[in-house]
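Asker: predicted coordinates and the sequence they were generated for:
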Protein chains: 4
Amino acid sequence: MTVRFGLLGAGRIGKVHAKAVTGDANAKLVAVADAFPAAAQAIAEQYGCEVRSIDAICASADIDAVVICTPTDTHADLIEQFVKAGKAVFCEKPIDLSLTRVKQCLEVVRAHKGTLMVGFNRRFDPHFRAVRAEIDTGSIGAVEMVVITSRDPGAPPVEYIARSGGIFRDMTIHDLDMARFLLGEEVTEVVATASVLVDPAIGTAGDFDSVQVMLKTASGRQAMISNSRRATYGYDQRIEVHGAKGAVSAENQRPVSIEVATAAGYTRPPLHDFFMTRYTEAYAAEISGFIAALSSKTPATPSGEDGLIALALAEACLKSVAEGRVVKMTEIL
Amino acid sequence: MTVRFGLLGAGRIGKVHAKAVTGDANAKLVAVADAFPAAAQAIAEQYGCEVRSIDAICASADIDAVVICTPTDTHADLIEQFVKAGKAVFCEKPIDLSLTRVKQCLEVVRAHKGTLMVGFNRRFDPHFRAVRAEIDTGSIGAVEMVVITSRDPGAPPVEYIARSGGIFRDMTIHDLDMARFLLGEEVTEVVATASVLVDPAIGTAGDFDSVQVMLKTASGRQAMISNSRRATYGYDQRIEVHGAKGAVSAENQRPVSIEVATAAGYTRPPLHDFFMTRYTEAYAAEISGFIAALSSKTPATPSGEDGLIALALAEACLKSVAEGRVVKMTEIL
Amino acid sequence: MTVRFGLLGAGRIGKVHAKAVTGDANAKLVAVADAFPAAAQAIAEQYGCEVRSIDAICASADIDAVVICTPTDTHADLIEQFVKAGKAVFCEKPIDLSLTRVKQCLEVVRAHKGTLMVGFNRRFDPHFRAVRAEIDTGSIGAVEMVVITSRDPGAPPVEYIARSGGIFRDMTIHDLDMARFLLGEEVTEVVATASVLVDPAIGTAGDFDSVQVMLKTASGRQAMISNSRRATYGYDQRIEVHGAKGAVSAENQRPVSIEVATAAGYTRPPLHDFFMTRYTEAYAAEISGFIAALSSKTPATPSGEDGLIALALAEACLKSVAEGRVVKMTEIL
Amino acid sequence: MTVRFGLLGAGRIGKVHAKAVTGDANAKLVAVADAFPAAAQAIAEQYGCEVRSIDAICASADIDAVVICTPTDTHADLIEQFVKAGKAVFCEKPIDLSLTRVKQCLEVVRAHKGTLMVGFNRRFDPHFRAVRAEIDTGSIGAVEMVVITSRDPGAPPVEYIARSGGIFRDMTIHDLDMARFLLGEEVTEVVATASVLVDPAIGTAGDFDSVQVMLKTASGRQAMISNSRRATYGYDQRIEVHGAKGAVSAENQRPVSIEVATAAGYTRPPLHDFFMTRYTEAYAAEISGFIAALSSKTPATPSGEDGLIALALAEACLKSVAEGRVVKMTEIL
């Protein structure tokens, strides 16, 4: 079965998903929509699909599924619109910055027995997937402690932070989802520390640029997250899982893996400097995962519920920083 | 300028090149030919091009260049045919197993001022390219010693070896070309050792499966090559260059880079187990290199001459093993 | 100047220090005392020194300094006794498990202008020292985040835990001191999470075996500590420091550094399985550091004050776990 | 049983062995001799032993064994003198630079049923020993190819080279012995390449500074050696063994194992810069091995015969370079 796609949004991430859809033998990109006609037109020409309006795509009988890559504040409305029209939906995270709005949206999805997958692309990184697969083999025993290091090469513009909901909602949220993916149990307690060390303007905007988080599950499993908006050496993305019988970790990735030895020592090049080059394979694999779920009529994960919980964990981090205490997830959800 | 391509041969490597051509924004795959119509048809359907005969492609006004992926014993004839027709030619190595035939063929290319690039794909591996680029920066000083380790996951069928010209001509030849690529000077002396350690049938067929080679240039620069037809741990492909001021090396590549720690130690997964997964990026980059050379009207390298010299080095290895002595390249070419 | 030593305690750690003292060209081991005469006698014979009682050593004119390796509950009393007698004192950590008692003891040291160095041996590990030295060069810029992973190969007997004051006071305390050593600023806020995942008997005894700690300084610098009483792969001891311009880390150490490659992957042996083999060089270097400080009449560090603060941080961890909140150090000291 | 030692030669390497002897609980250093009385006196004072003449040591009833660290041209005479006197002998390599003289000397040792161990210290390096032990477990199957990289941080003075017998006899000889240690079969064929790339004065003196060697055994096992008198990045000492079922390797060692990450990449410090710091543990372990052999009355290895064969292999290298051909060991021994 070939899944026929509409693409909503032809910006940076829209292009990535267009390539992923057209590169999958079980999918076909039928139409693309964007507020900027030129952007939509460029994708249409490159991949031989049509430009249509969002409403036209929603009404198209020759489209089974959509990928939503429009601005965040349109996500929840579009999910509802397309689910009601019977289309399967892949939506970039987050569904919305408001927990209440996300819950409403998921209610609509449930009511229409809709299919919704949320774009936590890192779950599809081949290295991180291999970590999870290793846990599943039982080789490291029961998971006890997860340690996640996640640092951006540089801070985004302060304007972006205002729109993004801040570091916990736009950056840490990926690590919170990864912690859930690896812990194998729901998080029940959250505590966070936050500082402004990179850019005072971020503090002025009411956000932080350097944060640490500790999570705990009901049975006592633990996770730690270390985030910074700055890393001169590149996009630092590592995970470690320590268990009763052993540990498994995924190291950083770099574009080239040479080593130069001189009197100054042994030097390997910096890491990838951009999330789109670091996670190239992950972006392709998540769309393939969505297509495979639709083809096999199995649930698509990460689900809307996964998106909700990750956002709730980010909210708990904010509350913990504000109140200087451990926050129970029952206070949030 | 868009380079319009014909593909000769729709087998395993033909498919790889079809993907590379269609994935390059400056190229277009116009037609494909294969002795097996079904193979050609499959590529034609996947990429929206036509099936034509080899002669029809040669006569096509809408084709600028061809990629030759047919059996080895057709390479030299096809190169001559297409060069005479004014088409640019990319040909999989080797041009021929006979040095004399290769020389004749290159004579024809020269006479027609033809463009010929030979498929030593490893020169386009991003890690090996980075090694060469590092040398070019001067950071390691003048090159003194090159060490190349190259081991296949497993031996090919004995039938293949009969056709391929043996380990020096089908396997070591890649390392001989890489040594030239890195030494920065022509090799003047060759000495080789050879054993049958992996499969006695290979010995019965008159070939070897475990070989070592030492090379020397006029100024005394040296290179060593270690080859085996067997490596349980995967496709072992490493290079090291030692110079007056330092050294640079490229490590092995693996599909996933996790590490599992247990009471038994710290374990990383095996390497790639196949040359086509190990050199995925290299195959795409070499075709892009060919397209870029055509577009910019600069010489395409590695050239037919590079193919000739690599084959001559392989001949020198064979002679050295047979006679138990250092062979000078002036004896061969 | 040769520093003449008395050794108090001839047990496991006493032997380590005896070797360190006798191996330093600027020191001489004059006498050893132990409640078990045979233990003292063994050291006396091996190194050609005398057996004396503790009081005799205290009264000896031919002894300048002592190394205290007796049980923890004797430390504070012995420090006071020897400082009053004008001897320089190196004491294994902790000074005492009670903050109040430690403060009293340090008051006595101050009143007698005594010299007291506390045995946080990890500060003298060559790899960790190199991390600190790298920070001091300025290459990584201002320190922003410290991440310490510290896991024991196995849990101690529950009886030991009762005496030791629990995981925060006997194990985490080393990492708390290391965090101070690396942060370059005093910690002002502490929050900890704690679980029993390894051995339920540890929980029954009122302690934890898996803990996480987050620290913060006045300017917002952060540190994270991950501790477990179990690590099948050996004694896991890593530190990372992330700064404004870069990062520096110290990897784990193993007795042999070979790698075995088979069809199952690439395997390196487990880590050291014991703190005394892991920190062999650190134990020798800390005694040399003490001797060098005495010889040059410069302050010996880590000082009694460092011991006090590390213990106070451990107390803050306990309070944080009990109350589920961030604890300010002004609440403790 | 305590083995009572005399030390012949109190220079750089003599000091290393003095420390090793005194650090072994089963040995006692009784006396030291040196042509420079001050050198002998310094060791005597540090370790509480006597200064005696060589002849006095030979006649001493309280001495069971000697360590010969005198200049090379005295080795064979001293071995004969002490073996005749019934002393066990550990002699630094080489026994002599002349194969004929070595054979005579070993004849004397045999005639007197003497004990002679030769100082190929690298066999006792814990990492290289672990490589050998891994081979012995069978995990990598039958050995097929050994690859040894051995580069000195810098070239010795040309005067030294004149005395040492040149690169093959003073430097490569260690790698030739290591190849034998790892191949598990005697080498039957040798071929070498040699250049002067580092220092023209070395060439003027008739020697080489950059050499490559290939070895082969009767069953076809192979070894490669790469040597240079220059390595800006430190003392480069690596071995790899490839077998039918897998491979095992020992990486380089460095004094500190930190890594610094900046915008310029990830840098680890250079390697050890001196053979005595690189092989500290090996020197201690070889003397302990000698003592253990004497104590247990088992053969001490590497033996005089091992010393002879390594020298013969070096001779074969020289002959191969001179004649541009593969040399059979039956031509040499």
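Answerer: All right, it came through fine.

Asker: what's near enough to touch the most far-flung residue of chain A relative to its centre?
Answerer: Centroid-distance maximum for chain A: residue A:263 at 42.1 Å, with Cα atoms, centre = their mean. Taking Cβ atoms under 8 Å, 6 or more residues apart in numbering or on different chains as the criterion, residue A:263 is in contact with B:245-246, D:232-233, D:270. Glycine gets a C-beta too; all of them are placed from N, C-alpha and C.

Asker: now do the strands in the stretch 51-200 of chain A.
Answerer: A:65-68, A:88-92, A:116-119, A:143-151, A:187-195 (DSSP state E, counting those that start in this stretch).

Asker: for residue C:276, find the nearest of those.
Answerer: Nearest to residue C:276, of all the strands of the stretch 51-200 of chain A, is strand A:143-151, at 25.0 Å by Cβ to Cβ.

Asker: just to revisit the earlier point, ok, which of the strands of the stretch 51-200 of chain A comes nearest residue D:316?
Answerer: strand A:143-151 (53.7 Å).

Asker: out of the contacts of residue A:263, list just those in strands.
Answerer: Using DSSP state E, residue B:246 are the members of those that sit in strands.

Asker: just among the contacts of residue A:263, which is most surrounded?
Answerer: Neighbour counts for these (other Cβ atoms under 10 Å in any protein chain shown) peak at residue D:233, which has 25 neighbours.

Asker: excluding its backbone neighbours, what's nearest that one?
Answerer: Closest residue to residue D:233 in three dimensions, ignoring its sequence neighbours and counting by Cβ to Cβ, 6 or more residues apart in numbering or on different chains: residue A:261, at 3.7 Å.

Asker: who's in contact with that neighbour?
Answerer: Residues near residue A:261 by Cβ under 8 Å, 6+ apart: A:267, B:246-249, D:232-233, D:270.

Asker: is it in a helix, a strand, or coil?
Answerer: strand (DSSP: H, G, I helix; E, B strand; the rest coil).

Asker: what pLDDT does it get?
Answerer: On the pLDDT scale, residue A:261 is placed at 98.

Asker: okay, and the beta partners of it?
Answerer: Counting by DSSP bridges, residue A:261 is bridged to residue A:266, residue B:247.

Asker: can you tell me how far it sits from chain C?
Answerer: 17 Å (Cβ to the nearest Cβ, to the nearest Å).

Asker: likewise residue A:262?
Answerer: Taken as Cβ to the nearest Cβ, the span from residue A:262 to chain C is 16 Å.

Asker: who's in contact with that residue?
Answerer: By Cβ under 8 Å, 6+ apart, the residues touching residue A:262 are B:139-140, B:245-247, D:232-233.

Asker: re earlier: dump the strands of the stretch 51-200 of chain A to CSV, plus distance to chain D and mean pLDDT.
Answerer: As requested, these are exported to CSV (distance: least, Cβ to the nearest Cβ, whole Å; pLDDT from 0 to 100):
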stretch, distance to chain D, mean pLDDT
strand A:65-68, 35, 98
strand A:88-92, 30, 97
strand A:116-119, 29, 98
strand A:143-151, 10, 98
strand A:187-195, 21, 98
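
Asker: residue A:91 and residue A:75 touch, don't they?
Answerer: Yes. Judged on Cβ atoms under 8 Å, residue A:91 makes contact with residue A:75 at a distance of 5.5 Å.

Asker: who touches both of the two?
Answerer: Both residue A:91 and residue A:75 are contacted by residue A:68, under the criterion Cβ under 8 Å, 6+ apart.

Asker: related to what we said a few turns ago, mind checking which of the strands of the stretch 51-200 of chain A is nearest chain C?
Answerer: Nearest to chain C among those is strand A:187-195 (3.1 Å), distances taken as Cβ to the nearest Cβ.

Asker: residue C:30: which of the contacts of residue A:262 is nearest?
Answerer: Of all the contacts of residue A:262, residue D:233 has the smallest distance to residue C:30: 45.4 Å, by Cβ to Cβ.

Asker: OK, contacts around the closest one?
Answerer: For residue D:233, the contacting residues are A:261-263, A:265-266, B:246-247, D:270-271, by Cβ under 8 Å, 6+ apart.

Asker: turn the strands of the stretch 51-200 of chain A into TSV, including distance to chain B and mean neighbour count.
Answerer: Converted to TSV, these look like this (distance: least, Cβ to the nearest Cβ, whole Å; neighbours: other Cβ atoms under 10 Å in any protein chain shown):
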stretch	distance to chain B	mean neighbour count
strand A:65-68	21	26
strand A:88-92	24	24
strand A:116-119	22	26
strand A:143-151	13	24
strand A:187-195	23	24
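
Asker: what does chain A put close to chain C?
Answerer: Contact residues, chain A versus chain C (Cβ under 8 Å from any Cβ of the partner chain): A:142, A:144-145, A:147, A:149, A:151, A:189, A:191, A:193, A:195-198, A:210, A:212, A:214, A:216, A:219-222, A:224, A:226, A:228, A:230-233, A:240, A:242, A:244-247, A:324-326.

Asker: cutoff 7 Å now
Answerer: Chain A comes close to chain C at residues A:144-145, A:147, A:191, A:193, A:195-197, A:210, A:212, A:214, A:216, A:220, A:222, A:224, A:226, A:228, A:230, A:232-233, A:242, A:244-247, A:324-326, as judged by Cβ under 7 Å from any Cβ of the partner chain.

Asker: mind listing the helices for chain A?
Answerer: Remark: helices assigned in chain A by DSSP state H are A:12-22, A:37-47, A:54-59, A:75-84, A:99-111, A:126-137, A:158-164, A:167, A:173-183, A:200-204, A:275-278, A:280-296, A:304-323.

Asker: distance of the residue farthest from the centre of chain A relative to residue D:229?
Answerer: According to Cβ to Cβ, to the nearest Å, residue A:263 stands 16 Å off from residue D:229.

Asker: about what we covered before: same list, the contacts of residue A:263, but as JSON lines with pLDDT please.
Answerer: JSON lines is the format used below for the contacts of residue A:263 (pLDDT from 0 to 100):
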{"residue": "B:245", "pLDDT": "98"}
{"residue": "B:246", "pLDDT": "98"}
{"residue": "D:232", "pLDDT": "97"}
{"residue": "D:233", "pLDDT": "98"}
{"residue": "D:270", "pLDDT": "97"}
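
Asker: how about JSON lines for the contacts of residue A:263, with distance to residue B:27 added?
Answerer: Output for those, formatted as JSON lines (distance: Cβ to Cβ, whole Å):
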{"residue": "B:245", "distance to residue B:27": "40"}
{"residue": "B:246", "distance to residue B:27": "39"}
{"residue": "D:232", "distance to residue B:27": "44"}
{"residue": "D:233", "distance to residue B:27": "43"}
{"residue": "D:270", "distance to residue B:27": "46"}
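
Asker: now, the most widely separated pair of the contacts of residue A:263?
Answerer: Once Cβ to Cβ is applied, the contacts of residue A:263 give B:245 and D:270 as the farthest pair, at 12.9 Å.

Asker: up against chain D, what does the stretch 201-333 of chain A have?
Answerer: Counting by Cβ under 7 Å from any Cβ, the stretch 201-333 of chain A sits next to chain D at A:232-233, A:261-263, A:265-270.

Asker: tell me the one among the residues you listed nearest to residue C:56.
Answerer: Distance to residue C:56 across those (Cβ to Cβ) is lowest for residue A:265, with 52.0 Å.

Asker: quick one: residues contacting the residue nearest the centre of chain A.
Answerer: Nearest to the mean C-alpha position of chain A, by Cα atoms, centre = their mean, lies residue A:120 at 2.7 Å. Residues near residue A:120 by Cβ atoms under 7 Å, 6 or more residues apart in numbering or on different chains: A:93, A:174, A:177, A:302, A:306.

Asker: just the pLDDT at the second one, thanks.
Answerer: According to the per-residue confidence, residue A:174 scores 98 in pLDDT.

Asker: now swap in the first one and tell me
Answerer: For residue A:93, the pLDDT comes out at 93.
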